[in-house]
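[1] prediction below, plus the sequence it came from.
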Amino acid sequence: MPELPEVETVRRGLAPALVGRRILRARTKRADLRFPFPPRFAARLIGRRVDALGRRAKYLLAHLDDGAVWITHLGMTGRWSILGAKRQPGDFYYAEPTNPAHTHVVLEMEEGARLEFNDPRRFGYMDLIAESELESHPFFKAMGPEPLGNSFHLPYLQKALASKKAPIKAALLDQRVVAGLGNIYVVEALHRAGIAPAKVSGRISAQRLEKLIRAIRAVLEEAIEAGGSTLSDYAAVDGAQGSFQQRFRVYDREGEGCATPDCGGAIKRAVHSGRSTFWCPRCQR
């Protein structure tokens, strides 16, 4: 599933085609994705200008000139494409090439850009709400702070984890604790911080939590700079220059040597709640 850096990559890729431009035509090819489209969804988009394109956690937020916010969640396989563009706004790690049969939303913008939303598994979803309702919307009202924002700091994280007996990996994946983190970047940050994924959340010292916060921010910032864990060309299945998967230290590296200098350990893998966990048992405690 696309995580925060991938969604931010998509946001940056879509912005030139959307922001400041009107939606001339909009069409949905089915009644629903993961959830039904809101009533008159396509009709309510037509004629609207996109004033800003933001992101909250793994959601794209298009602020429209009538005070509405168009919300998009990519789900597991959702992808936006700009027809005719040389670079697409996010081709994700392990993603398959798009199939036109799975294109469900089509937009035609001012100045000729045509955007298509493709989602083979239809786990993505969209909504259209008033901007005044954004913070109270069920998607966002219980969501924790952004990991790159000023509200994600040591006093906050200490309080959020103080009574938790859950493993630290599970706690970081809880969107009520911190927004937007996903499996890949959590295991990468935990490795950099030297913390075992199974460590009880409430038993981690302040010094180690401070190191974890720095690791989370560093991993996300590097991934965003690299365009997320993406491939710019599907023919280059072993990776492309500048893609963050080339920098993975533990994710998808089971059995390989640990990247920590002088560690000498080997990366282990386990499955927890249907998700793969990768870590070095020698340097992560």
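    Noted; the coordinates are in hand.

[2] separation between residue 33 and residue 285?
    From residue 33 across to residue 285, the span is 42 Å (Cβ to Cβ, to the nearest Å). Yep, even glycine has a C-beta here, placed from its N, CA and C like the rest.

[3] with residue 178 instead?
    Using Cβ to Cβ, we find residue 178 at a distance of 22 Å from residue 285.

[4] cool, residue 275 as well?
    Distance, residue 275 to residue 285, using Cβ to Cβ: 21 Å.

[5] look at those two and report which has more neighbours.
    residue 275 (16 against 10; other Cβ atoms under 10 Å).

[6] so the more buried one sits right up against residue 182, yeah?
    No - judged on Cβ atoms under 8 Å, residue 275 makes no contact with residue 182 at a distance of 9.2 Å.

[7] report the set of residues contacting both of these two.
    residue 173 (Cβ atoms under 8 Å, 6 or more residues apart in numbering).

[8] low-confidence ranges in the stretch 1-150 of the chain?
    85-87, 90-97 (pLDDT under 70).

[9] can you map out the helices along it?
    4-18, 41-45 (DSSP state H, counting those that start in this stretch).

[10] between those, which one is closest to residue 99.
    Ranking those by distance to residue 99, with Cβ to Cβ as the measure, places helix 4-18 first at 18.8 Å.

[11] against which helices or strands is the closest one packed?
    If contacts are counted by 3 or more Cβ pairs under 8 Å, 6 or more residues apart in numbering; DSSP states H and E, helix 4-18 sits against strand 50-56, strand 59-64, strand 79-82, strand 114-118, helix 206-225.

[12] tell me the strands beside the fourth one, with direction?
    Here strand 114-118 has these sheet partners by DSSP bridges: strand 79-82 (antiparallel), strand 103-109 (antiparallel).

[13] ok, back up a step: need the helices and strands packed on helix 4-18 in a markdown table with distance to residue 194 and mean neighbour count, can you?
    Converted to a markdown table, those look like this (distance: least, Cβ to Cβ, whole Å; neighbours: other Cβ atoms under 10 Å):
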| stretch | distance to residue 194 | mean neighbour count |
| --- | --- | --- |
| strand 50-56 | 29 | 17 |
| strand 59-64 | 31 | 21 |
| strand 79-82 | 35 | 22 |
| strand 114-118 | 40 | 19 |
| helix 206-225 | 7 | 17 |
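
[14] any idea how far residue 119 is from residue 99?
    10 Å.

[15] correction: residue 266
    Relative to residue 119, residue 266 is positioned 37 Å away (criterion: Cβ to Cβ).

[16] more neighbours, those two?
    A count of neighbours by other Cβ under 10 Å puts residue 119 above the other of residue 266 and residue 119, at 22 against 14.

[17] show me the contacts for the more buried one.
    33, 74-75, 77-79, 102, 104.

[18] that one and residue 71, how far apart?
    Applying Cβ to Cβ to residue 119 and residue 71 gives a distance of 15 Å.

[19] the closest residue to residue 37 other than its chain neighbours: neighbour count?
    Once flanking residues are discounted, residue 37 sits nearest to residue 28: 5.6 Å by Cβ to Cβ, 6 or more residues apart in numbering. By the criterion of other Cβ under 10 Å, residue 28 has 16 neighbours.

[20] bridging residues for residue 28?
    Assigned bridge partners for residue 28, using DSSP bridges, are residue 105.
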